[in-house]
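Enquirer: Structure for this input, please:
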Amino acid sequence: MAPRSPARRRPAAAGGGVAGGGAGAAESALVLLALAALYAALSLLAYRVIHMRHVAPLGPDAPPGAFSEGRVLQHLRRLTVDIPGRQEGTPGLEAAAQYIKGELQGLAARAGPEYRIEVEETLVSGSFSMMFLRHRVTLGYRNHKNIVMRISSNVSEDDDLSLLVNGHFDSPLGSPGAADCGSCVASMLELSRLIVDSGWVPPQPVIFLFNGAEELFLLGSHGFIKTHKWNSTIGAFINIEASGSGGADLVCQSGPGSWPSRIYAQTAKYPMANSVAQDMFGIIPGDTDYRIFAEDITNIPGLDIIFVLGGYFYHTSYDTLENLLPGSIQARGENLFNLVKAFTNFSMLLKENEISNKAAKDGTEDVRAVFFDYLTWFMVFYSRDVSLILHSLPIAIFLLVPMFLKFPNITLMSWFVTVLDLMKGILLHAFGVTLAIFIPAMAAALRLLFTKNAMNWFAHPYLAFFMFVPTSLIGLLLPRITWGLSEQAHFWGAFGFYSVITMAYVLAGLSGGFLTFFISMSMLLGRFISGIMRKQWNKQSPKLLLSYVIPMTPCILYCLYYGGFLIQFVIEKMGMMGSLPKPYGYFVPDIIVGAVVGLVAGWGFGPLVPVASRWLSKTSVLQSFLQITVVALAISSQLFPYSTGAPKRVVLQHTYVTDANDIVESNYGFSVVDANSLEFLFNNAPEAAKWLKDNSALSFEEKYRSDRSSWLALYPVPFLFSGSLKFPAQTDEIRKHYQHLPQIIVQKTWSKNERRRVHLKLSLGSLSEIWTTVLNITGPLSNWSFAENMLPAPQTVTGGPPSYICRLSGESDADWSFWLEANSSKTLTIDVAVLDQYLVDNTNKLKSLFPSWADLTAFTTFFSTYHL
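Expert: As a prediction, the model looks like this:
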């Protein structure tokens, strides 16, 4: 019998194999589909959590011992629907104050004898300087109204340490302010009711500050903390805010010290907080009362809790009751009640207040903890000292890996070769992560060369994922095709990459290292489990990938939750981040969104690449990703960037240039705060464009350009503007409404040698809906009567001479009296811009002609210049 020939081996599959063996096309497709299904399921779960779909709001008929979103919405309907606008200078602001006061007095009247409830209406005045949007501004204010309530036990003393809960009831220009911040004060009304109706008597007093002037740069909180009789009793505070219409209530700032965040971690029912938010706070334009209580004026420990999703509607006319995200207020209220109970623990409040005061007196460093929530289900919290140990652990393990891999046959040469392989692995993974960020950013920029609109993803966030996730995956996988390296070296190199980043956060004193720590330790767990399974399964089996992915699923889910939230937040904020000059400013938002999506893909899928690349690092897979990208890019070019659910912000200013009581010029000024210019706006708003052509002018020629000095009334917000335009307008229509216009009158002048002091009176005329008055003073100014006679550092407006800017607000029916002092005989120049909310009929008509996807903030400015 002839001997049997040996079995013939099937040749390895061609095309795109990597070191360590390849996989068939069918098997690669199966792995790709399985991972896509896993990531889709986890993304859906993360989406539901981010948008608070897991929280069931209680109706207005909920038990009195429970916080009810339904009852909050009843208050909110009164504040935003029944009261038309709560802006400074409008009757609605006073109506809102009286509604809040009436509700609190009714609560006090029916409270039991075990409570001591005091309700006050206070007027605050003052002056101070601050940095806002990275520019110095001095503020002078008078007679802004706060409503204050103090709930305590019937045995409490006036000087007992107390907890402050703060929210503002004024709303921004042109906005109903349902979320910002009607939702805050309505929640505070329900919270105060709950304290009384639940029968819980706070062991320490709880002070509710309903402040009426936050939108004017934190004036209500400043007035309270500087002048109120209870200001010295505040031992801790909770500030609630909104820069969106709901979602999870994010702790954006915490401190001084780690106590407030620790209390939050222990007590919040639906926690959403991570210490990265505090590291990053300030990048987004805006500020909150937190800085008044914890940083600028006092050093009180507290929390800054903010609605941040739904930022499309922030400071727009679409910030309405209907656009609030259901469940958000319910979660906020239940969190707040637990926090109030925890913060009013007397021994803790006293101890932490003493620590905070001592730290402020000694000038010691504010040490913050590391914390993050896991899908609002629970919080992870550890001190900075513990983080130094924990976050150093991955790098320590990585340094021991070369010896572990060669044990027990360790030689100097083998150790050196292993270290070299691991360094190559770090570079390989770093290169992949860099490409995952760079390629989507470049794809975003290239797309704009062939389309006419930027930000097509703004109203369609899913487009950002379809356009940029596949390209980022190409970036992650491409190095594995072009650079042969063993799976072991790639894995430990990737582990080392995340370990190095974790250590970099530690050395920089930042708190964001928890994410890469979580990733690196999850990778270690996945490696350990797959190492056990490797003995039972073929190294080529997709089951091996499954044994690695399953232990990493909690980490992947968190990365998608955290990353998905970040992407949505960035997309929404691109509509208000400012308009940068052409040609490069046009590309910036798309590049940023592409890069952020790539970054998220880098930490969401990057830890799987060393193992999954056996199946995915194939030319055919990368071609599939490229095809998806091309289709998404083609679709995006057909979609309009804006909608009523994602409006474009437009600013319309009707300016009257005056001389004494005469009007010498009038114009319409337009500006936008995102990458799509005014030319885009008017091309897509034909009715408004036609009206301007018929009644004024419409041109994009240089002579119609306006610089930032034209927008003085909004200072320092105009630093977000570029490419502004102004067109002539009629001058006589305003006389039907206002007979007397603002003007400055010299009262007296005192001089000695070359020094002189000029006493001035600013009359606001018959204007009745004034938001603010801005003074721009240039020349040899050496002192003034504002900010306790302290002259701040000068600013520069549009390349002009050094300027001193002062914003005045409150009580427009009385004159402002002030003095300026000069140290030479040179001329002092004062530009005065008074922002009034009344619009003449023609301006209202023009505003109404813009399409619904364009949200116009419109106002009237009276501008005049004086030389002294």
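Enquirer: Direction included, what does the helix or strand encompassing residue 776 pair up with?
Expert: For residue 776, the enclosing helix or strand under DSSP states H and E is strand 770-778. Within its sheet, strand 770-778 is paired with strand 802-809 (antiparallel), strand 829-836 (antiparallel), according to DSSP bridges.
Enquirer: Show me the contact partners of it.
Expert: Here strand 770-778 makes contact (Cβ atoms under 8 Å, 6 or more residues apart in numbering) with 87-89, 173, 216, 709, 712-713, 715, 742, 762, 764, 784, 797, 800-809, 812, 816, 820, 828-837, 859. C-beta coordinates here come from the backbone N, C-alpha and C atoms, glycine included.
Enquirer: Show me the beta-bridge partners of residue 829.
Expert: Where residue 829 sits in a bridge, its partners, by DSSP bridges, are residue 778, residue 867.
Enquirer: Could you double-check that it sits in contact with residue 865?
Expert: Yes: at 6.7 Å, residue 829 and residue 865 qualify as touching, with contact defined as Cβ atoms under 8 Å.
Enquirer: Between the two, which has more neighbouring residues?
Expert: The neighbour count for residue 829 versus residue 865, taken as other Cβ atoms under 10 Å, is higher for residue 829 (17 against 13).
Enquirer: which residues sit in contact with that one?
Expert: Listed by Cβ under 8 Å, 6+ apart, the contact partners of residue 829 are 777, 778, 779, 865, 866, 867, 868.
Enquirer: change it to 10 Å
Expert: Going by Cβ atoms under 10 Å, 6 or more residues apart in numbering, residue 829 touches 776, 777, 778, 779, 781, 800, 801, 803, 865, 866, 867, 868.
Enquirer: For residue 779, see how far away it is.
Expert: Separation of residue 829 from residue 779 (Cβ to Cβ, to the nearest Å): 5 Å.
Enquirer: Give me the common contacts of the two.
Expert: 801, 803, 867, 868.
Enquirer: Using pLDDT, spot the least trustworthy of these.
Expert: Least confident entry in these, by pLDDT: residue 801, with 81.
Enquirer: Can you pull the phi and psi angles for it?
Expert: Dihedral pair for residue 801: phi -70, psi 160, per degrees, to the nearest 10.
Enquirer: That one: neighbouring residues, count only.
Expert: The tally of other residues near residue 801 (other Cβ under 10 Å) stands at 10.
Enquirer: Grab the nearest non-local neighbour of the residue most central in space within the chain.
Expert: Centroid-nearest residue in the chain, with Cα atoms, centre = their mean: residue 284, separated by 5.3 Å. Of all residues not flanking residue 284 in the chain, residue 573 sits nearest, at 5.7 Å (Cβ to Cβ, 6 or more residues apart in numbering).
Enquirer: That neighbour - how many residues pack around it?
Expert: Neighbour count for residue 573, taken as other Cβ under 10 Å: 22.
Enquirer: tell me the contacts of it?
Expert: 243-244, 283-286, 308, 311-312, 314, 589, 592, 674.
Enquirer: Restricted to strands, list these.
Expert: Of the contacts of residue 573, the ones assigned to strands by DSSP state E are residue 308.
Enquirer: What subset of the contacts of residue 573 is buried?
Expert: If you count burial by 16 or more other Cβ atoms under 10 Å, the buried members of the contacts of residue 573 come out as 243, 244, 284, 285, 308, 311, 312, 314, 589, 592, 674.
Enquirer: got a list of what the second one touches?
Expert: Residue 244 makes contacts with 179-180, 250, 306-314, 319, 323-325, 328, 568-569, 572-573, as judged by Cβ under 10 Å, 6+ apart.
Enquirer: Apply 7 Å and report the result again.
Expert: Listed by Cβ atoms under 7 Å, 6 or more residues apart in numbering, the contact set of residue 244 reads 179, 307, 308, 309, 310, 311, 314, 572.
Enquirer: What does the pLDDT read for it?
Expert: pLDDT for residue 244: 94.
Enquirer: That one and residue 133, how far apart?
Expert: Here residue 244 is placed at a distance of 19 Å from residue 133 (Cβ to Cβ).
Enquirer: Could you pull out the buried residues of the helix or strand harbouring residue 386?
Expert: Secondary-structure assignment from DSSP H and E places residue 386 in helix 384-390. Neighbour counts over helix 384-390 (16+ other Cβ under 10 Å) mark 384, 387, 390 as buried.
Enquirer: Would you format the residues you listed as CSV with pLDDT and distance to residue 483 included?
Expert: Below are those laid out as CSV (pLDDT from 0 to 100; distance: Cβ to Cβ, whole Å):
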residue, pLDDT, distance to residue 483
384, 88, 38
387, 93, 34
390, 94, 32
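Enquirer: Okay then, goodbye and thanks.
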